[in-house]
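Novice: I'd like to go over a predicted model; first the sequence, then the structure.
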Amino acid sequence: MLARRSGFTPPATTEAAFRFAADYARVNLLTYLYAAFDAPAADTAVHERRAGETNRDRVRRGLALSTAGRPPGSLGDLFDAPTGDTRPADYFGADVAAETWEGMWSDQWLLDGLEHAHTLAEAVLAGDIATLEIIAGVPLADAITDAGLFFGDVDNQVLSLASDAFRERLEDHEPAFDPERAVDMTAPLSALPGLLQEARHEWTATEQLALVIAGLAPIERTAPQF
């Protein structure tokens, strides 16, 4: 708030920051799809129970997972598949609607704006406390510490100040991450392990600090099985 009122211009977002935000969101999306692949399959009718098989089982039987018209057995077909849960309906004549994996993904809003966390991490590592104070709207001495924040030998109060600054930046952030542009939803599900393995990598110190500031955790590099 203070930064907006004073006309303060935050540090320019670097290419590395934008790349980090896209990379982390993409690997998170692929991990999410991989988990959905082995989740219990569900029928599209809202009041029907989950089927006694997984989405993987249905794909092996050559069945479509959704009714959205995506190619059967594709990443998009899984993304549009019902989870078996319901949500309040947004159309007339129904109390509840089937929840889909795509619909649940939209709740992961913190994946938008990660470039700000990276920019703040750069400020922390450069010792630029003044920028953090202006964006957060409080001096370092008044920052409410979060004992759960850890990163190397960085002072906990500095981390807490950076976390406050991140939340301030999110207030002005317009969601921009588009799953359809980050992952080829026409790709077959058989390609999912390879895509996931290719997307995962070792996070740099700045990227790891950015995730701490954003309240997230690095996704470990493991070899997914199909």
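Specialist: Happy to help now that I have it.
Novice: use CA for all of it now, contacts and neighbours both
Specialist: Noted.
Novice: mean confidence for stretch 195-208?
Specialist: Across stretch 195-208, the average pLDDT comes to 92.
Novice: now stretch 75-87
Specialist: Per-residue pLDDT values over stretch 75-87 give a mean of 88.
Novice: also stretch 136-154?
Specialist: Summarised as a single mean, pLDDT over stretch 136-154 is 93.
Novice: packing partners for the lengthiest strand in the chain?
Specialist: Assignment by DSSP state E gives strand 82-88 as the longest strand of the chain. Helices and strands in packing contact with strand 82-88 are listed as strand 40-42, strand 96-100; criterion 3 or more Cα pairs under 8 Å, 6 or more residues apart in numbering; DSSP states H and E.
Novice: what residues does Phe185 make contact with?
Specialist: One thing to correct before we go on: residue 185 is Met, not Phe. Ser74, Leu75, Gly76, Asp77 (Cα atoms under 8 Å, 6 or more residues apart in numbering).
Novice: burial of the third one, as a residue count?
Specialist: Right, the one you point to is Gly76. With neighbours defined by other Cα atoms under 10 Å, the count for Gly76 comes to 25.
Novice: distance check, Arg26 against Phe18.
Specialist: From Arg26 over to Phe18 the distance is 12 Å, taken as Cα to Cα, to the nearest Å.
Novice: who's more crowded, those two?
Specialist: The neighbour comparison of Arg26 against Phe18 (other Cα under 10 Å) goes to Arg26, with 23 against 16.
Novice: excluding chain neighbours, what is closest to that one?
Specialist: Ala182 (6.0 Å; Cα to Cα, 6 or more residues apart in numbering).
Novice: same thing with Ala39?
Specialist: For Ala39, ignoring the flanking residues on the chain, the nearest one in space by Cα to Cα, 6+ apart is Thr54 at 5.4 Å.
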